[in-house]
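Take this sequence and fold it.
(chains A and B)
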Protein chains: 2
Amino acid sequence: MSTTLPQRTVFIVSDSTGITAETFSNSVLTQFISDFDFKQAREPYITTVEKAKEVFYAIKEAHIADNAKPIVFSTLVDHELQNIIKEAPCIFLDIFGSCVQQLSNALEVSPKRVVGRSHLDAESAAYRKRMDAINFTLAHDDGQFVHGLDQADVILVGVSRCGKTPTSLYLAMQYGLKVANFPLIPEDFERGTLPSTLHPFKDKLFGLSINPERLSQIREERRPNSKYASIVQCVMEVEAAEDMMKQEGIEWLSTTTRSVEEISTTVLHILGLDRNMKKTLSV
Amino acid sequence: MSTTLPQRTVFIVSDSTGITAETFSNSVLTQFISDFDFKQAREPYITTVEKAKEVFYAIKEAHIADNAKPIVFSTLVDHELQNIIKEAPCIFLDIFGSCVQQLSNALEVSPKRVVGRSHLDAESAAYRKRMDAINFTLAHDDGQFVHGLDQADVILVGVSRCGKTPTSLYLAMQYGLKVANFPLIPEDFERGTLPSTLHPFKDKLFGLSINPERLSQIREERRPNSKYASIVQCVMEVEAAEDMMKQEGIEWLSTTTRSVEEISTTVLHILGLDRNMKKTLSV
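A predicted model of the protein is given here:
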């Protein structure tokens, strides 16, 4: 990013963690990123007049420093707190406001004006499911533990360092899915079949692959100048793994240019796990 | 949730993963959760007319099944695709539209109308930082690896099963922070000091604690009827850990009723790691 772009400070102001507001602001600011150099301050748990006033002063300071109005992404539900922030020199965006109003009109019910944190409730069944999923996924990383695979929602397979672990953890953390992952290793390719442990679970298998050059780079960082990281070895493993997945009828995708979010979304979609996910919100 | 509430289908329609739209819709729907039984369908990667038409028909079907208009949360930027969806019988919410328009007016620049996926770019430096952080965090889970602690951004301490691992992984995954975690164990309490490995890194330490009854429940699931899970042992460890953290001047919080998102937000805030996080967006 060029240093000649004008600087703008972005405030994420929330009565809860501000995580939703931050994700939202990232997406919106993408549309303006070629014109500004954005700097961000997250202000979570703004639940009192005192805290709102601190943010008010921080916005005023940033206004002077940048010589431009800061952008405020707010999820504040409380009108009094919202009004304190709005008095600061800023571009104030109430990120839920417009959608909540439209929905309220269309559904003909009033919004409850509660702080939107239900999906984070640490004592809910959904939350405990997520924690159990993370524990399961950690215990079943890299084929280290084969008991309990019948409880897995998904089993990822692929060559070493192709992205199985981050994808598994993301699926567990974000969706409460129990994800095991198994490396496909040279012994499997010599034998020409999947590890026998996996045979009973073919409907849960999903394959990850990767471009051999990229794989070689990643392995090189871990074990420089090793046979393991050599391009010859990487080409051989990737070809053998892709052949095996085709032969066994396992759906797979390449992780080379995809983020864990993108890989996870595709895995969910292809395995049909994102259909009719019941909302886990509760009052 | 009562089964007598009217059912409404919610469609998350996105040209990318739909993750932002889903988080956003969860927050908005929280305001209406006492009046409806929401059922969700996520429709990611809607990038062609064909795919948009499939969603159009799925919305029509849900309209008939529910006998009520589905709610559509859309992040579609392409007008042609947006218009196909809008022709279905639905409550259509363009989640970024209103904020992008307000910002465009206030900043006096046009939005770029690009698909908002830059923050997921698998080949960006920020993304590689996240992947490195996940690898570091896994390698430094549960005090298993003490080398490289000087590279850690945060070191979490606390008794076994108080929530260190999920919090560490969340901070790594979401914020690209390298997080180590160390259990505080009975030997540390007998000795009366922190493990000596941690002494050089006191400014990176953050403590987690937990209600002893809750801890006993969690440990009971893992090792039923053990001394480890007994309430006597849990009370002793939690008291000793909290005393040690006070004595060493380590900031700490209780995880008992907090989600990983809430814990992580507080850790970032107290350690000052969320101030002026430079936006990692790039064109």
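
What residues sit buried inside stretch A:213-227?
For stretch A:213-227, burial by neighbour count (16 or more other Cβ atoms under 10 Å in any protein chain shown) applies to A:214-216, A:218-220. C-betas here are computed from N, CA, C, even on glycine.

Break down chain A into its strands, ranges please.
Across chain A, reading from the start of the chain, the strands by DSSP state E fall at A:7-13, A:37-43, A:71-74, A:91-94, A:154-159, A:179-184, A:205-209, A:252-254, A:277-278.

Mean pLDDT and distance to B:V109 for the ones you listed - can I get that in JSON lines?
As requested, the strands of chain A are arranged in JSON lines below (pLDDT from 0 to 100; distance: least, Cβ to Cβ, whole Å):
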{"stretch": "strand A:7-13", "mean pLDDT": "95", "distance to B:V109": "11"}
{"stretch": "strand A:37-43", "mean pLDDT": "91", "distance to B:V109": "13"}
{"stretch": "strand A:71-74", "mean pLDDT": "97", "distance to B:V109": "12"}
{"stretch": "strand A:91-94", "mean pLDDT": "96", "distance to B:V109": "12"}
{"stretch": "strand A:154-159", "mean pLDDT": "97", "distance to B:V109": "42"}
{"stretch": "strand A:179-184", "mean pLDDT": "96", "distance to B:V109": "42"}
{"stretch": "strand A:205-209", "mean pLDDT": "97", "distance to B:V109": "40"}
{"stretch": "strand A:252-254", "mean pLDDT": "96", "distance to B:V109": "36"}
{"stretch": "strand A:277-278", "mean pLDDT": "50", "distance to B:V109": "38"}
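
Turn those into JSON lines, columns for distance to chain B.
Converted to JSON lines, the strands of chain A look like this (distance: least, Cβ to the nearest Cβ, whole Å):
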{"stretch": "strand A:7-13", "distance to chain B": "7"}
{"stretch": "strand A:37-43", "distance to chain B": "4"}
{"stretch": "strand A:71-74", "distance to chain B": "7"}
{"stretch": "strand A:91-94", "distance to chain B": "4"}
{"stretch": "strand A:154-159", "distance to chain B": "15"}
{"stretch": "strand A:179-184", "distance to chain B": "12"}
{"stretch": "strand A:205-209", "distance to chain B": "13"}
{"stretch": "strand A:252-254", "distance to chain B": "11"}
{"stretch": "strand A:277-278", "distance to chain B": "5"}
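
mind checking which of these is nearest B:I250?
Go through those one by one with Cβ to Cβ and the one that ends up closest to B:I250 is strand A:37-43, at 23.0 Å.

what's the domain layout of chain A?
A:7-107, A:125-279 (the TED database).

returning to that earlier point: now render the strands of chain A as a markdown table, adding mean neighbour count.
As requested, the strands of chain A are exported to a markdown table (neighbours: other Cβ atoms under 10 Å in any protein chain shown):
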| stretch | mean neighbour count |
| --- | --- |
| strand A:7-13 | 23 |
| strand A:37-43 | 20 |
| strand A:71-74 | 27 |
| strand A:91-94 | 20 |
| strand A:154-159 | 26 |
| strand A:179-184 | 26 |
| strand A:205-209 | 23 |
| strand A:252-254 | 19 |
| strand A:277-278 | 14 |
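
coming back round to it: who wins for proximity to B:F73 among the domains of chain A?
Taking the domains of chain A one by one with Cβ to Cβ, domain A:7-107 is closest: 7.8 Å.

and the closest one, how far apart are its ends?
The first residue of domain A:7-107 is 41 Å away from its last residue (Cα to Cα, to the nearest Å).

gap between it and the chain center?
With Cα atoms, centre = their mean, to the nearest Å as the basis, the distance from the averaged C-alpha position of domain A:7-107 to the chain average is 22 Å.

Please apply the same query to stretch A:96-116.
26 Å.

unless I'm mixing things up, A:A241 is touching A:I210, no?
No. A:A241 lies out of contact with A:I210 (Cβ atoms under 8 Å); the separation is 9.3 Å.
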